[in-house]
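In: any chance you could fold what I've pasted below:
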Amino acid sequence: MKEFFENIDTQTLIQDYAIPWGLKILLALAIFYIGRMVVSLVVGTVSKLLSKRGMDDILVGFLTSILRWVLLLFVIVAALSQLGIDTTSMVALLGAAGLAIGLSLQDSLSNFASGVMLIIFRPFTKGDFVEAGGATGVVDNISIFTTTMTTPDNKEVIVPNGAIISSNITNYSARDTRRVDMVFGISYDDDLLKAKALLKEIIEADERVLKEPAPVIALGELADSSVNFLVRPWVKSSDYWAVFWDTTEQVKLRFDEAGISIPYPQMDVHMGIPDSAGEESAS
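Out: Just a heads-up that it's a prediction; the model follows:
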């Protein structure tokens, strides 16, 4: 072993191996660190440009994240190529690994693709009140795989994006105004015109009800046990539930004052009593 080291030409070792490989390593590190700085600069510039154009913050974050990882991949490949590594084989290996991972994570990739569609087409955005994927609530966050909502009773619901895309989406915040659909029934014995006038007074007295489109108050149905009025005022979306609840309360109070009854389903039961001959007589 001692003779082996004595036969090594130190100067040749330094010139043929240490210096060339040292330069390659330094160049690879320089490419990597300078590349990272350039990537950060490019991503930051793109992010500012997209934000200035009024693009949604979620979409901006998603696009810049993809751009960052793609550019970093090029930087890593460029750095490794300086070390003499066959990057072509490496890329092929990564592709094969990606295919294997993709086959084993089909559901996750489905959620990923759905997340991309949600972010690009934006059927709803953060802060919207929606019904989607079997959940109803205010959208807090839209990520690549899931959407997080807060329900009206302050529960957090995390819904897979695939479930949202594969079902109907109802966005209650998409329009500035909404129509409040209400049905109020009165007895067949009550004064029809008086009840309609009271309903009109209640709606006109509420300042939250919009003048245009004009509210609709009409006789909608002669039901089995009641005469039903359709009351359909238009309000701002933010006033929907407040108007619904307040109107329902006012109708009950005003109808009670006017002696107008709000019927409920009733059933008359007639029981037969057997007579002495074994036959039933109606009572």
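In: around residue 147, how many other residues sit close by?
Out: The number of residues packed near residue 147 is 27, by other CB atoms under 10 Å. For every residue, glycine as well, the C-beta is placed using N, CA and C.
In: can you tell me the helix or strand for it?
Out: Per DSSP states H and E, residue 147 falls inside strand 146-150.
In: list the contacts of that strand.
Out: Identification of contacts with strand 146-150 by CB atoms under 8 Å, 6 or more residues apart in numbering yields 111, 115, 118, 130, 132-133, 135-142, 156-161, 164.
In: now it, how far from the chain's geometric center?
Out: 6 Å (CA atoms, centre = their mean, to the nearest Å).
In: now that strand - C-alpha only, PDB.
Out: Listed in PDB are the C-alpha atoms of strand 146-150, where the atom choice follows Å, rounded to 0.1, in the frame of the first residue of the first chain:
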ATOM      1  CA  THR A 146     -59.200  20.500  -2.200                       C
ATOM      2  CA  THR A 147     -61.500  23.500  -1.600                       C
ATOM      3  CA  THR A 148     -62.000  24.700   2.000                       C
ATOM      4  CA  MET A 149     -65.400  26.100   3.000                       C
ATOM      5  CA  THR A 150     -66.900  27.500   6.200                       C
END
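In: elements contacting the following helix or strand past it?
Out: Where DSSP H and E defines the elements, the next helix or strand beyond strand 146-150 is strand 156-160. The elements that strand 156-160 packs onto, with contact taken as 3 or more CB pairs under 8 Å, 6 or more residues apart in numbering; DSSP states H and E, are strand 135-142, strand 146-150.
In: can you give me the strands in this protein?
Out: Under the criterion DSSP state E, the chain carries strands at the ranges 129-132, 135-142, 146-150, 156-160, 169-171, 177-179, 182-186, 216-222, 227-232, 234-236, 272-274, 280-282.
In: looking at those, spot the one closest to residue 254.
Out: Distances from residue 254 to each of those were compared using CB to CB; the minimum, 10.5 Å, belongs to strand 182-186.
In: what pairs with the closest one, parallel or antiparallel?
Out: Strand 182-186 has the following sheet partners, assigned by DSSP bridges: strand 227-232 (antiparallel).
In: buried stuff in the strand it pairs with?
Out: Using 16 or more other CB atoms under 10 Å as the test for burial, strand 227-232 gives 227, 229, 231-232.
In: cool, and stretch 250-263?
Out: Residues of stretch 250-263 classed as buried: 250-251, 255, 260, 263 (neighbour count, 16+ other CB under 10 Å).
In: before we move on, what about stretch 61-81?
Out: Burial within stretch 61-81, assessed by neighbour count using 16+ other CB under 10 Å, is assigned to 62-64, 68, 71-72, 75-77, 79-80.
In: and it, how far out from the chain middle?
Out: When C-alpha coordinates are averaged (CA atoms, centre = their mean), stretch 61-81 and its chain have centres 29 Å apart.
In: output stretch 251-264 as PDB, nothing but the C-alphas.
Out: Extracted in PDB, the C-alpha atoms of stretch 251-264 (Å, rounded to 0.1, in the frame of the first residue of the first chain):
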ATOM      1  CA  VAL A 251     -96.900  38.300   7.900                       C
ATOM      2  CA  LYS A 252     -97.700  36.300  11.000                       C
ATOM      3  CA  LEU A 253     -98.100  39.300  13.200                       C
ATOM      4  CA  ARG A 254    -100.100  41.300  10.700                       C
ATOM      5  CA  PHE A 255    -102.400  38.400   9.800                       C
ATOM      6  CA  ASP A 256    -103.100  37.800  13.500                       C
ATOM      7  CA  GLU A 257    -104.000  41.500  14.000                       C
ATOM      8  CA  ALA A 258    -106.400  41.300  11.000                       C
ATOM      9  CA  GLY A 259    -107.900  38.100  12.100                       C
ATOM     10  CA  ILE A 260    -106.600  36.200   9.100                       C
ATOM     11  CA  SER A 261    -105.700  32.600   9.800                       C
ATOM     12  CA  ILE A 262    -102.800  30.700   8.500                       C
ATOM     13  CA  PRO A 263    -104.200  27.100   8.100                       C
ATOM     14  CA  TYR A 264    -102.400  23.900   8.700                       C
END
